[in-house]
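Trainee: got a predicted model here, sequence first, then my questions.
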Amino acid sequence: MVQRRNDMIYDAIIVGRGPAGLSCSIYTVRGNLKTLVIGKKDSMLLKADKIENYYGFEYPVSGKELLETGEKQAQRLGAEVVEDEVVSIDKTDVFEVVCVNGRYRAKTVLLATGAPVVKAPVKNLERFEGSGVSYCTTCDGFFYRNKKAGVLGYTDFAVHEAMELMAFTGDITLYTNGMPLKISDSHRDSLSRLKISDKKIKELDGQDKIEWIVFEDGSRDSVDGLFVAYGSASSASFALRMGIAMEGKSIKVNDKMETNIPGLFAAGDCTGVFKQVSVAVGQGAIASRQMIEFVRKMK
């Protein structure tokens, strides 16, 4: 079981180590907010060899250099940075951010996870969305009590979702779709409670709802429901779980970067804006101001 790292309640937790999240953290720590940045080093900006349209640089700079410099700046000012993967976010009196290796609590949260890039390459997946295919165990797990359920994925995120389903059914299969498992030590014990299929999926099949998972070798598994948790949890994953308003596949925010959930903000590519570093940095700064005001009003 993942343990809470400490009993501290942060003023601000920022999910994402890209330009939007780091920009926000620089402002929140300067506003005297106890700030934690959580994320893996997987920003799409790392793939940018040369950036020459960002203000203040006479010569091109790599995305890697820009991110590393921004992170060092945030840490120098007092932000904590943790390399971990967030698998879920819940809210009671405060937000609880669940990671692979720990749990953290905060008064405000910024989603700055970028735009989701991993799509499950399975034929007919979209056809059965809402008819047996779901993206949220919290939303739909109840409907599969004592039924046969599957989780499509191969990472800690998928195992976390499978464990959430255990409250409703013990008949759960993890379908990796031919991908090798990428599971941290903290979740390996959980695998013993699951059936695991590593066969490549050809398609999903059924009449009015999903009934079968058909594999490329010609075999098939019957299922009542399939929960998609492919790759890492994205902003859309958190939105579905928490009831965050969306516009298409992007998080809906107002001009203050506020979502429809008080205390929860979003910035950067996950809001569906013009995908530029300058835009992400600006949105992070705007969000920080509102997070500072939100925390001060709580006090």
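Mentor: Everything's here; your move. Numbering: from 1, shown residues only.
Trainee: neighbours of residue 285, how many?
Mentor: 16 (other C-beta atoms under 10 Å). Backbone N, C-alpha and C define where each C-beta goes, glycine included.
Trainee: so it, which of the three states?
Mentor: Assigned by DSSP: H, G, I helix; E, B strand; the rest coil, the conformation of residue 285 is helix.
Trainee: please name the residues that touch it.
Mentor: 23, 24, 27 (C-beta atoms under 8 Å, 6 or more residues apart in numbering).
Trainee: can you check residue 225 too?
Mentor: 132, 133, 134, 140, 143, 144, 147, 148, 149, 150, 210.
Trainee: turn those residues into JSON lines, columns for distance to residue 70.
Mentor: Shown next, in JSON lines, are the contacts of residue 225 (distance: C-beta to C-beta, whole Å):
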{"residue": "132", "distance to residue 70": "43"}
{"residue": "133", "distance to residue 70": "38"}
{"residue": "134", "distance to residue 70": "37"}
{"residue": "140", "distance to residue 70": "38"}
{"residue": "143", "distance to residue 70": "44"}
{"residue": "144", "distance to residue 70": "43"}
{"residue": "147", "distance to residue 70": "47"}
{"residue": "148", "distance to residue 70": "47"}
{"residue": "149", "distance to residue 70": "41"}
{"residue": "150", "distance to residue 70": "40"}
{"residue": "210", "distance to residue 70": "44"}
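Trainee: give me the buried subset of the residues you listed.
Mentor: 132, 133, 134, 140, 144, 149, 150, 210 (16 or more other C-beta atoms under 10 Å).
Trainee: now, those residues that are in strands?
Mentor: Judged by DSSP state E, strands contain the following of the buried ones among the contacts of residue 225: 133, 134, 149, 150, 210.
Trainee: least trustworthy position among these, going by pLDDT?
Mentor: Lowest pLDDT among those: residue 134, with 85.
Trainee: so what sits opposite that residue in the bridge?
Mentor: residue 227 (DSSP bridges).
Trainee: so it makes contact with residue 227?
Mentor: Yes: taking C-beta atoms under 8 Å as the definition, residue 134 is a contact partner of residue 227 at 5.2 Å.
Trainee: hmm, who's touching the longest strand that the chain contains?
Mentor: Ranked by number of residues, the top strand in the chain under DSSP E is strand 4-15. Identification of contacts with strand 4-15 by C-beta under 8 Å, 6+ apart yields 21-22, 24-25, 28, 33-39, 86, 89, 94-95, 97, 102-113, 238, 288, 291, 295.
Trainee: the helix or strand following that strand: how far from the chain's middle?
Mentor: Downstream of strand 4-15, the first helix or strand assigned by DSSP states H and E is helix 19-30. Centroid separation for helix 19-30 versus its chain: 19 Å, with C-alpha atoms, centre = their mean, to the nearest Å.
Trainee: and if you look at stretch 201-220?
Mentor: 28 Å.
Trainee: returning to that earlier point: relative to helix 19-30, how tilted is the longest strand of the chain?
Mentor: 120 degrees (axes from the mean of the first three to the mean of the last three C-alpha atoms, to 10 degrees).
Trainee: before we move on, the earlier item: closest one of the contacts of residue 285 to residue 166?
Mentor: residue 24 (35.2 Å; C-beta to C-beta).
Trainee: got a pLDDT number for the closest one?
Mentor: pLDDT, residue 24: 98.
Trainee: for residue 35, see how far away it is.
Mentor: Residue 24 sits 8 Å away from residue 35, taking C-beta to C-beta, to the nearest Å as the criterion.
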